[in-house]
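*Asks:* What follows is a predicted structure for the sequence shown.
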Amino acid sequence: KAGVTQTPRYLIKTRGQQVTLSCSPISGHRSVSWYQQTPGQGLQFLFEYFSETQRNKGNFPGRFSGRQFSNSRSEMNVSTLELGDSALYLCASSPTGAPQETQYFGPGTRLLVL
Amino acid sequence: SQQGEEDPQALSIQEGENATMNCSYKTSINNLQWYRQNSGRGLVHLILIRSNEREKHSGRLRVTLDTSKKSSSLLITASRAADTASYFCATPDSISGGYNKLIFGAGTRLAVHP
């Protein structure tokens, strides 16, 4: 099976702009999670989607949003970008999202905000 | 806040030596997972150990779990230069329902010198 794919891989934006990142899970996986990784805060959970519904959300401002489509592909959007949003954004998929399942991560999208 | 705490933060060894990384966590867990990350890329799942398991092996990897001490260790035997990476432990969040929300440690940066 093909792994988790994320597009684009690299992105440069300026403050105030918005950005949309895409994630395609492993075929058959219905749960998609998003994480932000920064040198200062490490890996932090953003949100999780299953069957087009957000089931879980981390402690991020409302500028961070996401959605999931019927084919399980997911997008996350960050509006009004700030310098601190520069990070590696990772998505992960698993069959149902149950805690005992392994999560499989994509290569990430590296976002730089200038 | 991050549940997992890892030590050491950095480890430098020669090829052929063993590398041991430790992870501690705060709450009860369903399982604990170890991931590897090469140079800010995506996370690669290494091994998942369930709360009722004490030890698990996968190739040159050996993971132990001590639920009474809330700690786990990852041992890489006969290390190779290709093992150079950051290693993270992660546990499902037990507070928010846990669905696909992993809490990551700060990671151990391993450097294996030829």
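*Replies:* Yes, it's here.

*Asks:* so what's residue 70 up against?
*Replies:* I'll assume chain A. By Cβ atoms under 8 Å, 6 or more residues apart in numbering or on different chains, the contact list for A:Ser70 reads A:Glu52. For the C-beta atoms, the positions are set from N, CA and C on the backbone; glycine is no exception.

*Asks:* meant chain B, my bad for not saying
*Replies:* B:Ser24, B:Tyr25, B:Lys26 are the contacts of B:Lys70 under Cβ under 8 Å, 6+ apart.

*Asks:* Quick one: buried ones out of those residues?
*Replies:* Buried by 16 or more other Cβ atoms under 10 Å in any protein chain shown: B:Ser24, B:Tyr25, out of those.

*Asks:* Tell me the one of the contacts of B:Lys70 nearest A:Glu75?
*Replies:* A:Glu75 lies nearest to B:Tyr25 out of these, by Cβ to Cβ, at 31.7 Å.

*Asks:* Quick check: of the contacts of B:Lys70, which lies closest to chain A?
*Replies:* When the contacts of B:Lys70 are ranked by distance to chain A (Cβ to the nearest Cβ), B:Tyr25 comes first, at 13.6 Å.

*Asks:* Distance check, the closest one against B:Glu6.
*Replies:* From B:Tyr25 across to B:Glu6, the span is 10 Å (Cβ to Cβ, to the nearest Å).
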